[in-house]
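Peer 1: give me a model of this one.
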Amino acid sequence: MEEEKAEFRVKFINPRAIIAELEILPGMSIADFGCGTGYFTFPLAEKIKQTGRVYALDILTDKLETIESQAKLLGLSNIITKKVNLEAANGSKLEENSLDWIFLVNMLFQNKNKEIIIREAMRVLKPGGKILIIEWNEKDASFGPDDALRISQNKISELAQNSGLTVVKEIKISDFHFGIIFEK
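Peer 2: Residues are numbered from 1 along each chain as shown. Below you'll find the model as predicted:
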């Protein structure tokens with residue numbers, strides 16, 4: 001008698017699958033706040049084609065240099081890197097009302113001034129523009145940052161709504177993350 005095999009699958013963040021579900025079109029202007037090494041930056045740049053722009057924003061120069069090198073290798077000239085401090089007023093150095101989308105992926109938990117970051121996102125977002133915030137969930141702390149660093153969905157919604165954003169919907173991201181789309 002053959003033993004039944006239990007199948008165990010863990011769902012991690014899949015940027016391409018997430019982006020495919022969103023209303024992101026060629027020609028759009030998007031910022032990846034706290035872009036790191038470009039986990040979302042590159043799929044976004046491919047999705048919006050050469051007529052669009054992705055602003056890869058981070059405080060760490062080495063991360064931005066990695067993105068610049070990889071962008072050259074991939075032939076993506078629509079990525080603009082900027083060293084910024086998103087915890088400062090006007091920290092993105094971007095024009096007011098200039099972006100269609102902003103991505104904040106696993107970055108709020110790392111920052112003390114979450115309100116300033118969300119207000120800055122609100123400032124540079126066009127009316128009707130959207131923000132996707134992805135953070136670590138509170139349900140399973142066996143993977144990811146310490147519990148004390150995590151920020152709840154309710155707290156993120158409260159911060160965003162206090163900044164004038166409206167919740168559009170929650171989306172399933174991974175077994176360890178949640179996602180919320182907000183609109184200006």
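
Peer 1: scan this structure for its longest helix.
Peer 2: helix 61-74 (DSSP state H).

Peer 1: and the next helix or strand past that helix?
Peer 2: For helix 61-74, the following helix or strand on the C-terminal side (DSSP states H and E) is strand 79-83.

Peer 1: partners of the next helix or strand after that next one, with directions?
Peer 2: Per DSSP H and E, the first helix or strand lying C-terminal to strand 79-83 is strand 99-105. Note on strand 99-105: by DSSP bridges, its sheet partners are strand 29-33 (parallel), strand 125-136 (parallel).

Peer 1: now do the helix or strand just after the last one and strand 125-136, the angle between them.
Peer 2: Scanning forward in sequence from strand 125-136, with DSSP H and E defining helices and strands, the next element found is helix 153-162. Here helix 153-162 points in a direction 170 degrees away from that of strand 125-136 (axes from the mean of the first three to the mean of the last three Cα atoms, to 10 degrees).

Peer 1: what residues of the helix or strand bottoming out on mean pLDDT in the chain count as buried?
Peer 2: Ranked by mean pLDDT, DSSP states H and E, the helix or strand of the chain with the weakest confidence is helix 153-162, at a mean of 92. Buried residues in helix 153-162, counted by 16 or more other Cβ atoms under 10 Å: 153, 156, 157, 159, 160. (Each C-beta comes from the backbone N, C-alpha and C, glycine too.)

Peer 1: cool, and stretch 57-77?
Peer 2: Buried residues in stretch 57-77 (16+ other Cβ under 10 Å): 57, 58, 63, 64, 66, 67, 71, 76.

Peer 1: and the angle from the longest helix of the chain to strand 29-33?
Peer 2: Calculated by the same axes, to 10 degrees, helix 61-74 forms an angle of 140 degrees with strand 29-33.

Peer 1: OK, contacts around residue 105?
Peer 2: 13, 32, 34, 39, 40, 132, 133, 134 (Cβ atoms under 8 Å, 6 or more residues apart in numbering).
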